[in-house]
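[1] Provided below are the primary sequence and the corresponding predicted coordinates.
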Amino acid sequence: MFTVAKKDSKTKARRGIIRTAHGEVHTPVFLPIGTKGAIKSIAAEELKFWGAEMILANTYHLWQRPGDALIAKAGGLHNFMNWKGAIFTDSGGFQVFSLGKMVKIADAGVKFQSDLDGSTHILTPEASVQIQANLGSDIALVLDEFPGFPATKKQAEQSVKRTTEWAKRAIHEHRKLSSRSIPDLPAGQSFGVGGIRDLGKIPAQLGETLSGDGKGYAAQQLWGITQGSTFKDLRKQSAEEIYKLGFAGYCIGGVAVGEPSEEMFKAIENTQPFLEEEKPKHLLGVGTPEQIVQAVALGCDSFDCVIPTREARHGKFYINLKPQEGSGYFTINIDNEKFKEDFIPVDNACPCYGCGNYTRAYIRHLFASQEPLGIRLATMHNLRFYLNLMERIRTAIDAGGFENLSKKYAAKKEAA
RNA sequence: GGGCAGGUGGCAGAGCGGACAAUUGCACCUGACUGUAAAUCAGGCGCCCUUGCGGCUACAUAGGUUCGAAUCCUAUCCUGCCCA
């Protein structure tokens, strides 16, 4: 399911390939976020065209609407949203954290008050796995729980304990589902080549089951999540506990929740060494370009973050510095007055649609006028910036120049 | 010509003797967003400065009453509606 293709000699950075039923995912990789089954303002085909190989969608949101049963009827989330690449689904664990007081946590699971209609729902580790099976994602995550920052040791201990218990229950449920009969295979379609058959070659590994996606069935991987907040011993403990359960991949969670960046990197360093070397490691919810580069250096293989898409909607554009300007990148807020009569592209070296066709002045006007096109152009631009960043990272690792690249992104530049 | 209502910061529109440099919305300026309750949120928005329970100038214009006026009185100008 995952192979390491090349290791950097000076850092823990590496190239790898995650094999899924929906194609190979070349790491280090960035997953654009499509929480509700859509990358806001972007069509799936566009994203694929730009080279994205895997996206992230959210169990909680899709469960609430339109419901996983409906998505299963549609032939799985890939089919429903016409995304040909791989899908990584978050378990709903983050909503336990972000929805705050609308949520009650108990050992059994999490009680949510729906943000849609106020009704009460209970999400358990088992339900999360079931929903993700219905969604048919390629990679499913276990339900986890974590405190914000700062957290007391007691809270962090509780979170580690609960996350491990929930991980065991998720695995148990995932195994049960893997042995069920597969219903509703669309007429005229067969098991995908490389799906079921591949399963035979892969040791009956924990965390792999069958999943429907309407175009053939293949293994859905279940990945574990580690917690531990800012406590070194708890990070290690959580990593070891989750590692022992034997997942197809691992997520480092509970980071970028308000802690200083250095704390996050410490958490990675206190976690990564205790996870299986030959398994993919995902850093949940991270981050800025420089954080991603640094995390790659610490052995992280995949990332997801709302930054490029959300900030795009808020008018922030990411721009690489030109070689003659130094290295790294900077950002601009397109709504700034100084761009009012700036009749040049956001970045004339950028291959994105907006940079090829429109000026800063025009895009600023679109934002000022609340024309949806502005948001769309910004989202396209930032996603391409992030995808390009990952491409550069991969190329650099291949060429043995990763350390050099990582220095370039040591910090965000304050230019304009 | 007569009657009535009204003129407040870029706009709309509160306030109707002191706690008003003046509620609020819009516009405008700036910032923040990290497994998306987020096309959201926060701050600023008369001028000056050593940024302070600071100074100055302001609620159509000019006077007046008052310890004190955007708020009361008088006149003037202007706007809207109604009657001739």
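    Received, thanks.
[2] per-domain residue ranges of chain A.
    Domains of chain A are assigned by automatic domain parsing as A:2-305, A:311-408.
[3] and of those, who's closest to RNA strand B?
    The minimum distance between RNA strand B and the domains of chain A falls on domain A:2-305, with 2.5 Å, by Cβ to the nearest atom of the strand. The way it works is simple: take the backbone N, C-alpha and C, and place the C-beta from them, glycine included.
[4] And the closest one, how far out from the chain middle?
    Relative to its chain's centre, domain A:2-305 lies at 7 Å (Cα atoms, centre = their mean, to the nearest Å).
[5] So is it next to RNA strand B?
    Yes. Shown here: domain A:2-305 in contact with RNA strand B (Cβ under 7 Å from any atom of the strand) through A:33, A:35, A:39-40, A:56, A:58, A:61, A:90-91, A:93-95, A:97-102, A:115, A:141, A:144, A:146, A:225, A:251, A:253-254, A:256-257, A:261, A:284-288, A:291, A:304-305.
[6] Drop anything exposed from those residues.
    When these are checked for burial by 16 or more other Cβ atoms under 10 Å, the buried set is A:33, A:35, A:39-40, A:56, A:58, A:61, A:90-91, A:93-95, A:97, A:99, A:141, A:144, A:146, A:225, A:251, A:253-254, A:256-257, A:284-288, A:291, A:304-305.
[7] Return the subset of the residues you listed lying in helices.
    A:61, A:93, A:94, A:95, A:97, A:291 (DSSP state H).
[8] Who are the contact partners of the nearest residue to the fourth one once chain neighbours are set aside?
    Across the structure, with Cβ to Cβ, 6 or more residues apart in numbering as the measure, the residue nearest residue A:95 apart from its sequence neighbours is residue A:60 (4.4 Å). Taking Cβ atoms under 8 Å, 6 or more residues apart in numbering as the definition of contact, the neighbours of residue A:60 are A:90, A:92, A:95, A:112, A:123.
[9] Which positions in stretch A:70-78 come out as buried?
    If you call a residue buried by 16+ other Cβ under 10 Å, then stretch A:70-78 has these buried ones: A:71, A:72, A:74, A:75, A:76, A:77, A:78.
[10] Export the domains of chain A to a markdown table and append columns for mean pLDDT.
    As requested, those are exported to a markdown table (pLDDT from 0 to 100):
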| stretch | mean pLDDT |
| --- | --- |
| domain A:2-305 | 88 |
| domain A:311-408 | 96 |
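[11] just the ones you listed: most buried one?
    Using mean count of other Cβ atoms under 10 Å, the stretch among the domains of chain A with the largest mean neighbour count is domain A:2-305, at a mean of 20.
[12] Could you measure from residue A:372 over to residue A:229?
    40 Å (Cβ to Cβ, to the nearest Å).
[13] so who does the residue nearest to residue A:229 when sequence neighbours are not counted touch?
    Sequence neighbours aside, residue A:156 is the residue nearest to residue A:229 in space, at 3.7 Å (criterion: Cβ to Cβ, 6+ apart). Residue A:156 makes contact with A:147, A:227, A:228, A:229, A:230, A:231, A:234 under the criterion Cβ under 8 Å, 6+ apart.
[14] Helices - which of those land there?
    residue A:234.
[15] before we move on, back to that, please, which helix or strand holds the residue nearest to residue A:229?
    Per DSSP states H and E, residue A:156 falls inside helix A:153-178.
[16] Repeat that for residue A:396.
    Element membership of residue A:396 [criterion: DSSP H and E] is helix A:372-399.
[17] same thing with residue A:26?
    strand A:23-27.
[18] Pick the one among the buried residues of stretch A:70-78 closest to residue A:368.
    residue A:77 (35.9 Å; Cβ to Cβ).
[19] from memory the closest one sits against residue A:62, does it?
    Yes. Residue A:77 is within contact range of residue A:62, at 7.2 Å (criterion: Cβ atoms under 8 Å).
[20] Give the residues shared as contacts by these two.
    What both residue A:77 and residue A:62 touch, as defined by Cβ under 8 Å, 6+ apart, is the set A:37, A:71, A:135.
[21] Next one: the second one from residue A:385, what distance?
    The one in question is residue A:71. Separation of residue A:71 from residue A:385 (Cβ to Cβ): 30 Å.
[22] ok, the residue of chain A most remote from its centre - contacts?
    Of all residues in chain A, residue A:341 has its C-alpha farthest from the mean position, at 37.3 Å, by Cα atoms, centre = their mean. Going by Cβ under 8 Å, 6+ apart, residue A:341 touches residue A:361.
[23] which SSE is it in?
    For residue A:341, there is no helix or strand it lies in under DSSP H and E.
[24] Just give the nearest non-adjacent residue to the spatially most central residue of chain A, would you?
    When Cα atoms, centre = their mean is applied to chain A, the residue found nearest the centroid is residue A:304 (3.1 Å). Once flanking residues are discounted, residue A:304 sits nearest to residue A:31: 4.0 Å by Cβ to Cβ, 6+ apart.
[25] Over to residue A:223?
    Using Cβ to Cβ, 6+ apart, the nearest residue to residue A:223 is residue A:249, at 4.1 Å.
[26] how about the one you found, phi and psi?
    Note on residue A:249: backbone dihedrals following degrees, to the nearest 10 are phi -160, psi 170.
[27] correct me, but it touches residue A:18?
    Yes. Residue A:249 is within contact range of residue A:18, at 7.4 Å (criterion: Cβ under 8 Å).
[28] residues shared between the contacts of the two?
    Common contacts of residue A:249 and residue A:18 (Cβ under 8 Å, 6+ apart): A:1, A:2, A:139, A:280.
[29] any idea which of these is closest to residue A:298?
    Nearest to residue A:298 among the shared contacts of residue A:249 and residue A:18 is residue A:280, at 14.0 Å by Cβ to Cβ.
[30] Identify the residues contacting the closest one.
    Applying Cβ under 8 Å, 6+ apart to residue A:280 gives the contacts A:2, A:16, A:18, A:27, A:223, A:248, A:249, A:250, A:301, A:302.
[31] Validate this expectation: the second one resides in a strand.
    By that I understand residue A:16. Yes. Assessed with DSSP: H, G, I helix; E, B strand; the rest coil, residue A:16 lies in a strand.
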